[in-house]
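In: how would this look folded up:
(one chain, ligands or ions: 1)
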Amino acid sequence: MTLTATDHLLDGRAVAADMLARVRGEAASLAARGDPARLVSVSIGASEAVTIYVRNQRRSAERVGIAFIERQFAANVPREDVLRGLRDLNEDPEFTGIIIQRPVPPHLSIRELQGAVDPGKDVEGMHPASIGNIVYNDLALAPCTASAAVELLRRTGRPLVGLETVVIGHSEIVGKPIAFLLMAEGATVTVCHHMTRDLALHSRRADAVFVAVGRPGLITGDMLKPGTVLIDIGINRVAGPGGSRIVGDADFESCAAVAGRITPVPGGVGPVTVAILMQNAVTAARRLRTAAPAVPA
Ligand code: NAD
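Out: Below you'll find the model as predicted:
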């Protein structure tokens, strides 16, 4: 599905629904030949964010017919126990995809845990091998949020080859992978971050701007080229008159007045991120069943 040029809003829920319909078919054909995709979600401790992520992921998995099993560790679980638990899940043929919910408690390192997941089951695309693969243009199991952001740009129908793109934010999980995915598509990429001297100088040149910083109101309409595509990845809780609400990194009103296409927050990158996770789940299951083990014994 390509959104029509008259849609100003880039509706992530509609894109996600379209993607999930396709994933549902793939999940059904894997199940029919006896190789079902099965996800396991690992949470350590409890937080509001994790509760919401798990609920959304479970809902999407059920919608596409993928089993979703939860493994929970206490907040004070020793590091060795989590690593042993992950090794068991890596070796268990019942599971074809492993999700580690973040945040994890401070005594644990999310990077270490992600590095302990079998790259073949890395449906989040966060293992160093998965990150390395996108540098080599192997995009099959790319990080979900970054993939979702680029998928939304793709859905505008604008040719990505040679497109001037600016990525604001250079974190390992969002900004840097977006830059690599865009380069794989042939776009020209500028990456900005907190040390960039003049953000607007770059953003005003761009045919597409990605912002993943975590600062509400960072991007205003005067920083954009008219007609640009603005993909807002930020998630910020701000106080409002009727209680708190979630906003992105863009000042939506002024940006929407200038941009040709803009993602809402919520309802933009978030739902597509979960759809990509499900897509990665069927990709990992298919690869695991048909290929040699990703981790040599
Ligand atoms: P992070 O804190 O790891 O990185 C923030 C980035 O912003 C850094 O690269 C930093 O250099 C840059 N930055 C900070 N201040 C800046 C400024 N004034 N100008 C330009 N750049 C600046 O954050 P993250 O984990 O990449 O997350 C970024 C945002 O995306 C957060 O709001 C987070 O909640 C959201 N997020 C959304 C999803 C999703 O599915 N939609 C997933 C992950 C993260």
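In: use CA for all of it now, contacts and neighbours both
Out: Noted.
In: Correct me if wrong, but Arg237 is in a helix.
Out: No. Assessed with DSSP: H, G, I helix; E, B strand; the rest coil, Arg237 is strand; it does not lie in a helix.
In: which SS class is the residue nearest to it when sequence neighbours are not counted?
Out: Nearest residue to Arg237, sequence neighbours excluded (CA to CA, 6 or more residues apart in numbering): Ile246, at 4.5 Å. Following three-state DSSP, the label given to Ile246 is strand.
In: how close does Val229 sit to Val211?
Out: Look at Val229 and Val211: by CA to CA, to the nearest Å, they are 11 Å apart.
In: so who does the residue nearest in space to the middle of the chain touch?
Out: Closest residue to the average C-alpha location of the chain: Thr145 at 1.6 Å, with CA atoms, centre = their mean. Applying CA atoms under 8 Å, 6 or more residues apart in numbering to Thr145 gives the contacts Ile173, Val174, Val269, Gly270, Val272, Thr273, Ile276.
In: Residues in contact with stretch 252-271: which ones?
Out: Applying CA under 8 Å, 6+ apart, the contact partners of stretch 252-271 are 7-13, 16, 145, 148-149, 152, 156, 217, 219-222, 224-235, 246-248.
In: Show me which residues of that stretch are buried.
Out: If you call a residue buried by 16 or more other CA atoms under 10 Å, then stretch 252-271 has these buried ones: 252, 254-256, 258-266, 268-271.
In: Endpoint to endpoint, it covers what distance?
Out: One end of stretch 252-271 sits 18 Å from the other (CA to CA).
In: Quickly check: it near the ligand or not.
Out: Yes. Counting by CA under 6 Å from any ligand atom, the ligand has neighbours in stretch 252-271: Val269, Gly270.
In: Can I take it that Ala148 is in a helix?
Out: Yes. Membership of Ala148 in a helix is supported by three-state DSSP.
In: Spit out the contact partners of it.
Out: By CA under 8 Å, 6+ apart, the neighbours of Ala148 are Val269, Val272, Thr273, Ile276.
In: So which bits of the host helix or strand of the third one are buried?
Out: Put plainly, it is Thr273. In this structure, Thr273 sits in helix 269-290 according to DSSP states H and E. Counting neighbours by 16+ other CA under 10 Å, one finds that the buried residues in helix 269-290 are 269-289.
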